[in-house]
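1. I'd like to go over a predicted model; first the sequence, then the structure.
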Amino acid sequence: MSRVLALLVSLLLALPAAAQSVVKTENVRAELISEVSQAKAGEPFWVALRQTIRPHWHTYWKNPGDAGQATDIAWKLPAGVTAGPIVWPTPMKIDVGGIINYGFEGDILLLAKITPPADFAGSTLTVAANANWLVCDDVCIPEEGKFSLALPVGPAAVPADAATRALFDRARRDVPMESPWPARFGIGPLGDPTLIVDAKGLKPDTIRGIYFFPAEWGAVANMAQQTAKVTPDGIRIPLRKGDAKATAAPTQISGTLVLTEKTGDGEHRQAFDLVAKLDPAFVPEAASSAGAGPGEILSFWQALLFALLGGLILNLMPCVFPVLAMKAAAFVDLVGHSRGEIRRDGIAYTAGVLVSFGLMAAAVLAIRASLGEVTWGFQFQSPIFSLLIAYLFFIVGLNLSGLFEVGGRFAGLGQGLAGRHGMTGAFFTGVLAVVVATPCTAPFMAAALGFALSQPAPVTVAVLLAMGLGLALPYLVLAMTPALQRLLPKPGPWMVRLRQFLAFPMYASAVWMIWVLTQQTGANGVLYALGGMILIAFAIWLLRVGAPASPALWARRGVAAAAVLLAFAAALKVEDQPATAATAGGPASGVSFEGWTPFSRARVDEALASGKPVFVDFTAAWCITCLVNERVALETRATRRAFEQTGTVKLKGDWTNRDPEITAMLKEMGRAGVPLYLYWASGESHPKILPQILTEASVISELTSHQQAKR
Amino acid sequence: MPKTIVPRRSFLAGGAALAFAPLTARAAADLGAPAPAFVGRDSNGKTWELVQLRGRTVVLETTNHDCPYVGKQYRSGNMQALQREAAAKSVIWLTVAASAPGEQGYVTANEANDIVRRNNAAPTAVLLDPQGKIAHAYNATVTPHMFIINAAGVLVYKGGIDSIASTNVADVPRARQYVRLALDELLAGKPITDASTRPYGCSLKYAPS
């Protein structure tokens, strides 16, 4: 029965169209359809080749991928009438035995814009086309069709029937929109491009299924797996270079970015067309491409080896050098002590390094468990951390300069302190070396760290410990080998001078950390950092003046403590900076309130009391679906006009930072997150919840239908 | 210590390059690199080993006789003509039948020979590669996917048979004949103009993994 009905319906649907506009092959029902039932001279209109593809079969996108062929339409139009290029729907990735194809399944529309000239004279416009397409499941069949659609031409364009218009509306929603974010790419050491979509502040846990469809063959290999990541800087997609034999690297890569966002009540697939420009300053580390191809993933042992080597090389890095120089001086000081003491010192230093790496591994694992993902050097994204390290460098520098002495081996150069204190000192020198080495490890150890962070916990720990061992190794070997120790110079007054000299690299390191800080907070960070340093120096000086046991000592200690507290309060102040910087940031990073009033319950009530309709848009800077809705439905000219004509009060709630009032409202509406669109028609006390995916037509009809009903 | 303020990017790049230096070699079929070695058995039971062919130019052609893109080249006579031209210049032409058993294009030795006879084709041999080993080694994705290996065993061409991706026989004379041009340039001792082109055709029917 239902089958008969379906047949009848399909016959009825087929009837109004001219018979030759439909071509039925074994695998595809293809039809040329028009959005207007009558055209007007000089007024462009849309037509489409509709392909209804046999289940499990597919046709191809403009870049068909590793095999296959894009559908081709050759238009045959009366003189003066032009056809635009095919506007493609968002493709899907079709894996045929490991060969990646880009295409379509099901029911799709390939849109094209037809423009009749203003002086078009005929009474009928015949849109004709020869189309070729390849349709495949396991096997491929080339098919073709000749289509012809005769449209009357009249004084006004007449829209087609509602069902056809709905098809076009649906098709337009499936066309990727222009990317709201700029994109760029860098070429890695192996020639592989890494794409960065500068969408800042997205939330990694709500976005999945990121895939970049290159628009053409050549620049990017289709077959390689893509391991895209959402980072604080945007979406990062390591790609594999394609087969085009280019003498120079490509200067731009175009394509379609697809991702799926989890919103308050479901998942939405979004697609963006983008053109990425070559950014010569961006050189992605090889780690990004390491994950791209199956042949390049590091084995466990390779990663351990690289980590060990990397740790060794760290000893030569600028950031570790000051600490190491200190260590070397301390070591020279040990010369003449018993061999056992020297050995214990070496072991204590190594232990300090390994314990610190172990702690960092634990921190990484803990963060990974709670956030799902972590990038190395994450601690350096915190301005507080940068500031504290700057302070640390500064204090160590003051110590080396001789402003103060600390008990223990740590700063006990030239003091000839006992071995027992020395062990504690050596241990903490190891800790210090690791703390300051971290900024160097991030870029340098990219491959091994990238591997470590993506592995199960024991492997992560093993790789990090191997790196620590590498860092400690030269000193450990020196401590264990008396033959090498004999090569060291004899102690003498030069050691004091060396110590004082070593203060300068420490100050330089502090300067560098302050520079890092300015990158994170802007110029104000410098003020707080330098002010804090003066306070610290002042506190140390206070503690050093006067007689050791005088009653004034306590007063001085109190003032010193206050000064130090103030210095650390500066750190907290610094933490505030990036938040304000973000709100003042570009359009991609913040929610725009232009034309909208910030949401509050009171404002809703007030507007309702005055009998006005109210529209509320709950959004967040990291919500892509919200952004898309705003672009395609809320901020179009027609919708703005509809808002204006209906006198609708437009309120916007920014949930970027989990505003509690908005959270309460979402909960009340049974939602866990944004987007949420509420509409109170004039005189209504309860809002209507609009769908999470808006279209211009749906919003306008919502606004105006109530208006008309009221009249 | 001026070293401390070295721009971060410079040691970023240097470090990455250093850390990865031993890994730069790739196993895949890269132009200008030694062509992946293979051993294959042909439809007459003879064994072909790439290293034994050093000193000769070798053409590899993946095939699936039921693929319309392969059909276009054989119906037009283009593929057979190329094979004969190659033979006249003592180039070894190996047609590789890489469809897995049960997939479109899978052939037994007898069927392979029948197809050669029916098409009046002239390859040096038809290699039977039902496990897709040779095809995989060359990262072949389509039929026909073409590869040229020079006398020194270096891969010098990979890509499509010609420039017009279609199944229309009428396109053959209009297309740029990449393989013929590459062979001519190679044998004349000139660099190959289009050494990597877009391969087009049916997806290669590898065994489901």
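-> Yep, that arrived.
2. where in the stretch 301-450 of chain A is pLDDT low?
-> Where the stretch 301-450 of chain A drops to pLDDT under 70, the residues are A:316-336, A:367-382, A:405-422, A:436-450.
3. Chain B too?
-> Across chain B, residues meeting the criterion (pLDDT under 70) sit at B:1-28, B:209.
4. Identify each of the strands in it and give its residue range.
-> For chain B, the strands defined by DSSP state E occupy B:39-42, B:47-49, B:58-63, B:92-97, B:125-128, B:142-143, B:146-149, B:155-159, B:202-203.
5. Each with direction, which strands does the third one pair with?
-> If I follow you right, that is strand B:58-63. strand B:92-97 (parallel), strand B:146-149 (antiparallel) (DSSP bridges).
6. Put together CSV for these, with mean neighbour count on each row.
-> Where you see a C-beta, it was placed from the backbone N, CA and C, and this is true even at glycine. Putting the strands paired with strand B:58-63 into CSV (neighbours: other CB atoms under 10 Å in any protein chain shown) gives the following:
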stretch, mean neighbour count
strand B:92-97, 24
strand B:146-149, 25
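7. JSON lines for those strands, including distance to A:A479?
-> JSON lines is the format used below for the strands paired with strand B:58-63 (distance: least, CB to CB, whole Å):
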{"stretch": "strand B:92-97", "distance to A:A479": "62"}
{"stretch": "strand B:146-149", "distance to A:A479": "57"}
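8. between those strands, which one is nearest to A:R170?
-> Closest to A:R170 of the strands paired with strand B:58-63, according to CB to CB: strand B:146-149, at 41.4 Å.
9. ok, residues contacting that closest one?
-> By CB atoms under 8 Å, 6 or more residues apart in numbering or on different chains, the residues outside strand B:146-149 that reach it are B:29, B:35, B:50, B:53, B:57-62, B:138, B:140, B:155-161, B:178-179, B:182-183, B:186, B:192, B:199.
10. Can you give the distance of that strand from its chain's centre?
-> 4 Å (CA atoms, centre = their mean, to the nearest Å).
11. Please verify my assumption that A:P159 contacts A:D169.
-> No: using CB atoms under 8 Å, A:P159 is not in contact with A:D169; the gap is 11.3 Å.
12. Run a quick neighbour tally on A:D138.
-> 15 (other CB atoms under 10 Å in any protein chain shown).
13. same check, this time on A:T126
-> 14.
14. do the same with A:G266
-> A:G266 has 11 neighbouring residues, counting by other CB under 10 Å.
15. How about the one 4 residues further on?
-> When neighbours are defined as other CB under 10 Å, A:Q270 has 18 of them.
16. Pretty sure it sits against A:T625.
-> Yes: the pair A:Q270 and A:T625 passes the contact test of CB under 8 Å, sitting 6.5 Å apart.
17. still on that earlier bit, format the strands of chain B as TSV; extra columns: distance to A:F357.
-> Shown next, in TSV, are these (distance: least, CB to CB, whole Å):
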stretch	distance to A:F357
strand B:39-42	48
strand B:47-49	50
strand B:58-63	50
strand B:92-97	51
strand B:125-128	53
strand B:142-143	49
strand B:146-149	48
strand B:155-159	44
strand B:202-203	48
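18. So for A:K688, which of the ones you listed sits nearest?
-> With respect to A:K688, and counting by CB to CB, the nearest of the strands of chain B is strand B:202-203 at 48.6 Å.
19. That closest one and chain A in contact?
-> Yes: legend: contact between strand B:202-203 and chain A by CB under 8 Å from any CB of the partner chain is shown at B:C202, B:S203.
20. what are the pairing partners of that strand, and which direction each?
-> For strand B:202-203, pairing defined by DSSP bridges yields strand B:142-143 (antiparallel).
21. can you pull the buried residues of the helix or strand in which A:P505 is found?
-> A:P505 belongs to helix A:494-521 when assigned by DSSP states H and E. For helix A:494-521, the neighbour count (16 or more other CB atoms under 10 Å in any protein chain shown) marks A:495, A:498-499, A:502-503, A:505-510, A:512-517, A:520-521 as buried.
22. and that helix with chain B, contact?
-> Yes: legend: contact between helix A:494-521 and chain B by CB under 8 Å from any CB is shown at A:F504, A:P505, A:A508, A:S509, A:V511, A:W512, A:W515.
23. which residues does the most centrally placed residue in chain A contact?
-> The structure's chain A has its C-alpha centroid closest to A:G234; by CA atoms, centre = their mean the separation is 2.6 Å. A:G234 is in contact with A:W181, A:I196, A:V197, A:D198, A:A199, A:K200, A:L202, counting by CB under 8 Å, 6+ apart.
24. Against chain B, how distant is the nearest residue to the fifth one once chain neighbours are set aside?
-> This means A:A199. Here the nearest residue to A:A199 in space, its sequence neighbours aside, is A:W181; by CB to CB, 6 or more residues apart in numbering or on different chains that works out to 4.3 Å. From A:W181 across to chain B, the span is 23 Å (CB to the nearest CB, to the nearest Å).
25. Is A:W181 inside a helix or a strand, and which specific one?
-> Using DSSP H and E, no helix or strand contains A:W181.
26. contacting residues for A:K612?
-> When contacts are counted by CB under 8 Å, 6+ apart, A:K612 touches A:G647, A:T648, A:V649, A:S682.
27. on that earlier part again, ok, what's across the strand from the residue nearest to the centre of chain A?
-> A:T231.
28. and it, how far is that from chain B?
-> Going from A:G234 to chain B by CB to the nearest CB gives 18 Å.
29. Which pLDDT does the model give the nearest residue to A:S682 once chain neighbours are set aside?
-> In space, A:S682 comes closest to A:P613 once its chain neighbours are excluded; the distance is 4.5 Å by CB to CB, 6+ apart. pLDDT, A:P613: 93.
30. hang on, A:P613 packs against A:K650?
-> No: using CB under 8 Å, A:P613 is not in contact with A:K650, being 10.0 Å away.
31. Distance check, the closest residue to B:L187 other than its chain neighbours against A:C623.
-> Using CB to CB, 6+ apart and skipping the chain neighbours, the partner closest in space to B:L187 is B:K89 (5.8 Å). Remark: distance between B:K89 and A:C623 (CB to CB, to the nearest Å) = 64 Å.
32. who has more neighbours, the two?
-> More crowded of B:K89 and A:C623, by other CB under 10 Å: A:C623, with 24 against 11.
33. thought that one was touching A:V674?
-> Yes: if you go by CB under 8 Å, A:C623 and A:V674 touch, sitting 5.1 Å apart.
34. okay, and the common contacts of those two?
-> Contacts common to A:C623 and A:V674, judged by CB under 8 Å, 6+ apart, are A:T263, A:W655.
35. count of neighbours near A:D273?
-> By other CB under 10 Å, 17 other residues sit near A:D273.
36. Check A:A221 too.
-> By other CB under 10 Å, the residues close to A:A221 number 22.
37. Please give me every residue in contact with it.
-> Shown in contact with A:A221 (CB under 8 Å, 6+ apart): A:L239, A:R240, A:K241, A:G242, A:D243.
38. Of the residues you listed, which ones also sit close to chain B?
-> With CB under 8 Å from any CB as the criterion, the contacts of A:A221 include A:D243 near chain B.
39. Take the contacts of A:A221 and lay them out in CSV including secondary structure and neighbour count.
-> Below are the contacts of A:A221 laid out as CSV (DSSP: H, G, I helix; E, B strand; the rest coil; neighbours: other CB atoms under 10 Å in any protein chain shown):
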residue, secondary structure, neighbour count
A:L239, coil, 27
A:R240, coil, 21
A:K241, strand, 21
A:G242, coil, 23
A:D243, coil, 22
